[in-house]
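# below are the sequence and a predicted model; questions follow.
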Protein chains: 2
Amino acid sequence: MTGLFIVISAPSGAGKTSIYREFLKIYQEVKFSISHTTRPPRPDEVDGRDYYFVSDEIFRQLIDQGEFIEWEENFGYLYGTSVRIVNAFLKEGRDVLLDIDTRGAKRVKNGMAGGIYVFVLPASSAQLENRLLARGDNPIQIKERLARAAAETAEAAWYDYVIINEHLPLAVDSLCAIYLAEKSRRDRIIR
Amino acid sequence: MTGLFIVISAPSGAGKTSIYREFLKIYQEVKFSISHTTRPPRPDEVDGRDYYFVSDEIFRQLIDQGEFIEWEENFGYLYGTSVRIVNAFLKEGRDVLLDIDTRGAKRVKNGMAGGIYVFVLPASSAQLENRLLARGDNPIQIKERLARAAAETAEAAWYDYVIINEHLPLAVDSLCAIYLAEKSRRDRIIR
């Protein structure tokens, strides 16, 4: 049976990355779909683990080669998801987690059947602002991201699941539960 | 918000009761819908916990009073689910677990919106036979129940989830995951 894939999205600073890193430690058999980006790495990010960090030129070549199921520009940087890598995992029966923003997620939903769409919300916009500050974003970035968070949150309306990230361990439990429950869906067990 | 309800069914001896008893210990806020039955209690069963054990006469009176959302005869005994009790819990926002056989479950599905339907399968029919023996069923009962298990298993096709009870703790995890995931469904979080 082909693998299942989970797409996870969130407004910037909702704590999505912390949630799925914990999830991936627990379910080590789930492959993380590593996006390509032209954004420079943050201090805690590793090339080939968090992203493939590539130049603008390479990214444009990959677009031309049809490598991406979706790609978009965020805050001046390009992000793309390799359809080739994801499909190879799914065909092997591996499950895949994809971290994609709402616009990209919508493109994946339109282009690939059977995904599970999870949206992470911060418990409050105050909590979101604190996370962005702690992360070292500057006031202008924070203002922009808060405005965008409000717009993105409206997009949660078409996702399958919503996790409110009030307390990290509980949010991780929810993501694990969603994964495990989807593995127990009748149409994955009986055909 | 009204509570959600989970209907759990299984062929006799699949280990369903052990699974949901553990589940109910973990999620003590979930109410168990106690069925009425005219069957005599098994040694480990307690009146008012596992069933309301009533006489045939009382059961017939309750049918006439419209107490049951579904009722049926199994192996000569009557079983019924009180719609009044279940609805009272749901209106209070309590979640409810119902243990109902496939025929009764189908009636509930036709009569009540929004339930979650979970079917438990034994890992194999050999395992099922062993469980029935361990429970003290006699050879004739076992033969009948095995034949019926095969028929009931075909009913799994319309359930939302299937749990294969190969190892009890994993089966309990699956039921917990299904519950938690359903609580994270977008339409329960965002309206």
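Cool, got the structure.
# up against chain B, what does chain A have?
Taking C-beta under 8 Å from any C-beta of the partner chain as the contact definition, chain A meets chain B at A:119, A:121, A:156-157, A:159-164, A:173-174, A:176-182, A:184-186, A:189-190. Placement of C-beta: from N, CA and C, glycine included.
# try 6 Å
By C-beta under 6 Å from any C-beta of the partner chain, the residues of chain A that approach chain B are A:156, A:159, A:161-163, A:174, A:177-178, A:180-181, A:184, A:186, A:189-190.
# per-residue confidence for A:Arg84?
With respect to pLDDT, A:Arg84 scores 91.
# and the next element down the chain from the helix or strand containing it?
Here A:Arg84, judged by DSSP states H and E, is contained in helix A:83-91. Following helix A:83-91 in sequence order, the next helix or strand is strand A:96-99 (DSSP H and E).
# now for A:Gln3, how many residues are close by?
Actually, residue A:3 is Gly rather than Gln. 18 (other C-beta atoms under 10 Å in any protein chain shown).
# wait, isn't A:Thr37 in contact with A:Thr81?
No: A:Thr37 lies out of contact with A:Thr81 (C-beta atoms under 6 Å); the separation is 10.4 Å.
# of these two, which one has the most company?
A:Thr81 (24 against 20).
# make sure that one is indeed in a strand.
Yes: residue state for A:Thr81 (DSSP: H, G, I helix; E, B strand; the rest coil) corresponds to a strand.
# got the contact list for it?
Contacts for A:Thr81 were tallied using C-beta atoms under 6 Å, 6 or more residues apart in numbering or on different chains; they are A:Ser35, A:Phe68, A:Ile69, A:Glu70.
# can I get the buried part of these as one ChimeraX selection?
Buried residues among the contacts of A:Thr81 (16 or more other C-beta atoms under 10 Å in any protein chain shown), as a ChimeraX selection:
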select /A:35,68,69,70
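# and of the contacts of A:Thr81, the nearest to chain B?
A:Glu70 (20.9 Å; C-beta to the nearest C-beta).
# the helix or strand the closest one falls within versus helix A:83-91: what angle between them?
Assigned by DSSP H and E, A:Glu70 belongs to strand A:68-74. Relative orientation of strand A:68-74 and helix A:83-91, computed by axes from the mean of the first three to the mean of the last three C-alpha atoms, to 10 degrees: 130 degrees.
# render the CA-only coordinates of strand A:68-74 in CSV, please.
Written as CSV, here are the backbone C-alpha positions of strand A:68-74 (Å, rounded to 0.1, in the frame of the first residue of the first chain):
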residue,chain,number,x,y,z
PHE,A,68,8.3,21.2,-7.6
ILE,A,69,4.7,20.2,-7.0
GLU,A,70,4.4,23.6,-5.5
TRP,A,71,6.7,26.6,-4.9
GLU,A,72,6.2,30.1,-3.8
GLU,A,73,7.9,33.3,-2.6
ASN,A,74,7.6,34.2,1.0
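# quick one: strands adjacent to that strand?
Applying DSSP bridges, strand A:68-74 is found paired with strand A:77-82 (antiparallel).
# ok, and for stretch A:155-167, which residues are buried?
In stretch A:155-167, counting by 16+ other C-beta under 10 Å, buried: A:Glu155, A:Ala156, A:Tyr159, A:Asp160, A:Tyr161, A:Val162, A:Ile163, A:Ile164, A:Asn165.
# can you list these in a markdown table and add pLDDT and secondary structure?
Listed next are the buried residues of stretch A:155-167 as a markdown table, based on pLDDT from 0 to 100; DSSP: H, G, I helix; E, B strand; the rest coil:
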| residue | pLDDT | secondary structure |
| --- | --- | --- |
| A:Glu155 | 84 | helix |
| A:Ala156 | 88 | helix |
| A:Tyr159 | 96 | coil |
| A:Asp160 | 96 | coil |
| A:Tyr161 | 97 | strand |
| A:Val162 | 94 | strand |
| A:Ile163 | 95 | strand |
| A:Ile164 | 91 | strand |
| A:Asn165 | 92 | strand |
